[in-house]
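[1] model the following, please.
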Amino acid sequence: MRIGYATGYWKQGPPPGALKAIRAAERLGYESVWTAEAYGSDAFTPLAWWGSRTKRVKLGTGIAQLSARTPTATAMAALTLDHLSGGRAILGLGASGPQVVEGWYGQPFPKPLARTREYVDIVRKVLARDEPVTATGPHYPLPYAPPASGGPAATGLGKPLRSTVHPLRPDLPIYLAAEGPKNVALAAEIADGWLPFLFSPSANAEFAGYLAEGFALRDPSLRPREEFEVAVQLAVIPHPDVEAAADLVRPTIALYVGGMGAKSANFHRNVIDRLGYLDACDRIQELYLAGHKKEAIAAVPTALVEEVALIGPPEKIRDELTAWEESVVTTMLVQGPAFALRAIRDVVTGTGSLAYARMAARMFARSTRS
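    The predicted structure follows:
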């Protein structure tokens, strides 16, 4: 099992200790570092800033939102980062949800699958640099033309253009964040990797089936199926007390189940529903939307936390790793303070001393109590 480090969302400012943790992750052999964006910090700038202080670790956007930039602007940012980092960029993309897309970016959300397909195709054309980029649309026509349904008029002066910069890697990896069945299949069809969220090994057969549907349609010019990556962001918390460790994860689950997305359109909650937690999700969402966040957090079952995270004593985590290793997952993207990264690496990769991991687990427990 490979391992990467996710810096997570910013709050009032940059995550405290992020650079220290990133440099520690590189020193400890973590393969990649990932940033996030929603409607605050962007995904590319931190990678350029922090990436300049590293030499080897890959730099992934986890995720850059489609509606935040046109496809050509995203391709420009990715190829620029790839040049500056010496070929270390991974472009993670995702459609986000209607609340953010329409409420923050002022863009229409319908037909996310069709938009994603067009978007990735244009990005690949920019990176290939074989010819001036054109696209028929309807979502991202190049040159611009008003949609048949009406829209701002065109001057008629637009012309197909080719990037002035030669991309360092025409095959720069593109991963897609996806949660629904059709979106997961699309990732296997057109991308180089899949970024799942709230993944559980208990649903592995289901997700493997969606991936197989996409692989059956995959263009042979893309990377072979055997090189397709599945990089899942999850909490790995070595901690002497399972319930105390679960308490560190419950707020995130409550937020995504209860407060992310509209009540009638919450893709994160749909994933948990399919795991068999429909009643629990109803309760969490009801409490969260009523403003009772503490009660919503407390309503997250420990069993649910243990499905989508690895928590508790190092021996317990290592025992539970087998199910993850036998799943479609190829890389775990973990979070944690710099001092815990060695213990997390040792537990996840099955290397190092369990005694050290136990000591780090106790340190983790003390740090969360203070």
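[2] how about the secondary structure of residue 154?
    Secondary structure for residue 154, judged by DSSP: H, G, I helix; E, B strand; the rest coil, is coil.
[3] against residue 126, how distant is it?
    To residue 126, residue 154 is 21 Å away according to Cβ to Cβ, to the nearest Å. Placement of C-beta: from N, CA and C, glycine included.
[4] now residue 267, nearest residue through space, not along the chain?
    residue 179 (4.8 Å; Cβ to Cβ, 6 or more residues apart in numbering).
[5] ok, residue 111 next?
    Leaving aside its chain neighbours, residue 111 sits nearest to residue 139 (7.3 Å; criterion: Cβ to Cβ, 6+ apart).
[6] and the one you found, what pLDDT?
    At residue 139, the pLDDT value in this model is 94.
[7] tell me the contacts of it?
    Counting by Cβ atoms under 8 Å, 6 or more residues apart in numbering, residue 139 touches 111, 114-115, 118-119.
[8] isn't residue 351 right up against residue 342?
    No. Here residue 351 does not reach residue 342: they are 10.1 Å apart, not a contact under Cβ atoms under 8 Å.
[9] look at those two and report which has more neighbours.
    Applying other Cβ atoms under 10 Å to residue 351 and residue 342 shows that residue 342 carries more neighbours, namely 19 against 9.
[10] doesn't that one belong to a helix?
    Yes. Counting by three-state DSSP, residue 342 is found in a helix.
[11] what's the distance between it and residue 7?
    In terms of Cβ to Cβ, residue 342 sits 18 Å off from residue 7.
[12] how about residue 167?
    Computed as Cβ to Cβ, the residue 167 to residue 7 distance reads 25 Å.
[13] quick one: pLDDT of the residue nearest the centre of the chain?
    Closest residue to the average C-alpha location of the chain: residue 62 at 4.0 Å, with Cα atoms, centre = their mean. You'll see residue 62 listed with a pLDDT of 95.
[14] skipping adjacent residues, who's closest to it in space?
    Excluding the flanking residues, the one nearest residue 62 by Cβ to Cβ, 6+ apart is residue 34, at 3.5 Å.
[15] that neighbour in helix, strand or coil?
    strand.
[16] could you list the domains of this structure?
    Segmentation of the chain into domains, based on automatic domain parsing, reads 2-233, 241-312.
[17] how much space separates residue 84 from residue 51?
    Following Cβ to Cβ, the distance that separates residue 84 from residue 51 is 7 Å.
[18] tell me which of the two has more neighbours.
    The neighbour count for residue 84 versus residue 51, taken as other Cβ under 10 Å, is higher for residue 51 (21 against 16).
[19] what are the phi and psi values for that one?
    Dihedral pair for residue 51: phi -60, psi -30, per degrees, to the nearest 10.
[20] contact partners for it?
    Residues near residue 51 by Cβ under 8 Å, 6+ apart: 33, 57, 59, 81, 84-85, 88.
[21] with secondary structure added, can I get the residues you listed in JSON lines?
    Formatted as JSON lines, these follow (three-state DSSP):
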{"residue": "33", "secondary structure": "strand"}
{"residue": "57", "secondary structure": "coil"}
{"residue": "59", "secondary structure": "strand"}
{"residue": "81", "secondary structure": "helix"}
{"residue": "84", "secondary structure": "helix"}
{"residue": "85", "secondary structure": "helix"}
{"residue": "88", "secondary structure": "coil"}
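[22] just the CA coordinates for stretch 101-114, please, in CSV.
    Extracted in CSV, the C-alpha atoms of stretch 101-114 (Å, rounded to 0.1, in the frame of the first residue of the first chain):
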residue,chain,number,x,y,z
VAL,A,101,-21.0,25.4,-8.5
GLU,A,102,-24.1,27.6,-8.7
GLY,A,103,-23.8,29.5,-5.4
TRP,A,104,-20.1,30.3,-5.5
TYR,A,105,-18.9,30.0,-9.1
GLY,A,106,-22.2,31.2,-10.7
GLN,A,107,-22.0,28.3,-13.2
PRO,A,108,-24.8,25.8,-14.1
PHE,A,109,-24.4,22.4,-12.5
PRO,A,110,-26.6,20.1,-14.6
LYS,A,111,-25.0,17.3,-16.7
PRO,A,112,-21.8,17.0,-14.6
LEU,A,113,-20.8,13.8,-16.4
ALA,A,114,-21.0,15.4,-19.9
